[in-house]
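mind folding the following:
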Amino acid sequence: MDLEQLLFFLVIGGIAGWLAGIIMKGGGFGLVGNIVTGVLGAVLGGWLFDVFDVSVGGKWVGPIVTATVGAVVLLFAIGLIRKK
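This is a model prediction of the structure:
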């Protein structure tokens with residue numbers, strides 16, 4: 001992974017984490033929190049989309065959608081665990 005790919009991954013993670021924070025809580029988690037949430041969401045979303053054979057195209061939109069969906073699922077699962 002070169003520097004350009006790493007920056008792309010971090011930007012996508014930040015945007016996805018911010019969007020997931022807005023969808024789930026009504027706000028973001030700060031820059032680092034958004035990036036961490038988005039990166040973990042990207043991994044989870046990529047796995048989920050692969051399992052359900054879903055493909056979202058595009059250079060920017062596809063990865064943002066995938067990471068955001070994964071981050072929303074991640075935040076939902078964390079919310080369920082915290083309630084117990």
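
quick one: Val65 and Leu40, what's the gap?
16 Å (CB to CB, to the nearest Å). Placement of C-beta: from N, CA and C, glycine included.

and if you look at Lys59?
Applying CB to CB, the value for Lys59 to Leu40 is 22 Å.

just checking, what packs against the helix or strand containing Leu6?
Using DSSP states H and E, Leu6 falls within helix 3-24. Identification of packing neighbours for helix 3-24 by 3 or more CB pairs under 8 Å, 6 or more residues apart in numbering; DSSP states H and E yields helix 30-51, helix 61-83.

quick one: that helix to helix 30-51, angle?
If you take axes from the mean of the first three to the mean of the last three CA atoms, to 10 degrees, helix 3-24 sits at 90 degrees to helix 30-51.

which other residues reach helix 3-24?
1, 27-29, 31, 33-39, 41-42, 60, 63-64, 67-68, 70-72, 74-76, 79 (CB atoms under 8 Å, 6 or more residues apart in numbering).

mind doing that once more with 7 Å?
Where contact means CB atoms under 7 Å, 6 or more residues apart in numbering, the residues beyond helix 3-24 that reach it are 27-29, 31, 33-39, 41-42, 63-64, 67-68, 71-72, 75-76.

Gly38: how many residues sit nearby?
32 (other CB atoms under 10 Å).

tell me if I'm right that it and Val72 touch.
No: between Gly38 and Val72 there is no contact under CB atoms under 7 Å: 10.7 Å.
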